[in-house]
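Asker: With the input below, show me the fold.
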Amino acid sequence: MAEASASRPASTILLLRDGVKVDGKSRDEIEVFMMVRHHQIEFNSGALVFPGGSVDAGDQEIVKRSDLYSGGEGLSEADRGFRIAAIRETFEESGILLARSKESGTPVDARRAGEIADAHRVALNEHKVSFLSILADNGLQLALDTLVPYAHWITPEGMPKRFDTWFFLAAAPPDQLGAHDGRESTDSIWVSPREAVEGGESGRFKLPFPTTRNLIRLAKQSSVSAALEHARGMSVVTVMPVMTKTETGRQLRIPREAGYDGEVFEVGALG
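Answerer: Here you go, the predicted structure:
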């Protein structure tokens, strides 16, 4: 019997903002920042996803530098690594930066985040500069406490590429609107969870199963503050779906206590 492939630690952030005004009226739906993955990317190509990616060695180097982050008290080294990776990947993929000035402790504003992204984002994506050096050279500390754990999914056994992924919620910093990098992602949008799910059902969007389940759960919250409060009160249950082939396609079973309004889900015909 072939040995199961190990799962790679990864993180993703659901960046939230309250619905923008349309014709002078505020929408009663929150919006989440999402990107379309490049069609040439090996994993989830063409899918609409939240920014995120694997925890890498550079993130572990930052874990050892407690002067480069704040709000990590009480977290294990592994937990800090997940959060650091989430913030780094989000900056790489969207330009949105969840950080504070080391000197003043004030959050990085949109203007400063834009300057840092313009100066360093391309080089960071091309591995010509490290995230650690960007933080140190610009007097920044990552704001780990702005991330609220929301979900923990592990790719089913038997899949060729497996991830152990933490999903976090975070309020998007004011006026940091985000923009896709043109490399790993080819488009980016602010969209309500309801619209994203409807787009997945209509075929407008290609949504991975965990993304869909988290969007449906998020759609129940009417504001960013409500979503964050709900997440802080949750007990996160690890989900590793068990896949079964049926006569009509595939069936995924997940723990009911994970809070996704069900246990068994039909996920379409086999390719």
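Asker: shaky segments in this structure?
Answerer: Filtered on pLDDT under 70, the chain yields the residue ranges 1-4, 20-27, 37-46, 179-186, 269-271.
Asker: could you point out the longest strand in it?
Answerer: strand 7-18 (DSSP state E).
Asker: Which positions in stretch 59-75 come out as buried?
Answerer: Neighbour counts using 16 or more other Cβ atoms under 10 Å place 59, 62-63, 68-72, 75 of stretch 59-75 among the buried residues. Bear in mind the C-beta positions are built from the backbone N, C-alpha and C, glycine included.
Asker: meant to ask about stretch 203-221
Answerer: For stretch 203-221, by 16+ other Cβ under 10 Å, it's 205-219, 221.
Asker: what about dumping the CA coordinates of that stretch to CSV?
Answerer: Coordinates of the C-alpha atoms in stretch 203-221 are reproduced here as CSV (Å, rounded to 0.1, in the frame of the first residue of the first chain):
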residue,chain,number,x,y,z
GLY,A,203,-20.8,28.4,-12.9
ARG,A,204,-19.5,32.0,-12.9
PHE,A,205,-16.9,31.1,-10.3
LYS,A,206,-15.0,27.9,-9.6
LEU,A,207,-15.1,27.4,-5.8
PRO,A,208,-13.1,24.7,-3.9
PHE,A,209,-15.3,22.8,-1.5
PRO,A,210,-13.8,24.3,1.7
THR,A,211,-14.1,27.8,0.3
THR,A,212,-17.8,27.2,-0.4
ARG,A,213,-18.5,25.9,3.1
ASN,A,214,-16.7,28.8,4.7
LEU,A,215,-18.5,31.4,2.5
ILE,A,216,-21.9,29.9,3.4
ARG,A,217,-21.1,30.1,7.1
LEU,A,218,-19.8,33.6,6.7
ALA,A,219,-22.9,34.8,4.9
LYS,A,220,-24.9,34.4,8.1
GLN,A,221,-23.0,37.4,9.5
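Asker: what's it in contact with?
Answerer: Applying Cβ atoms under 8 Å, 6 or more residues apart in numbering, the external contacts of stretch 203-221 come out as 14, 29-30, 32, 44, 46-50, 150-151, 153, 165, 167, 192-194, 196-200, 227, 230, 239, 241, 252, 254, 259-261, 265, 267.
Asker: Could you check the angle the host helix or strand of Tyr150 makes with strand 7-18?
Answerer: Tyr150 is part of strand 148-154, with elements assigned from DSSP states H and E. Angle between the axes of strand 148-154 and strand 7-18 is 140 degrees (criterion: axes from the mean of the first three to the mean of the last three Cα atoms, to 10 degrees).
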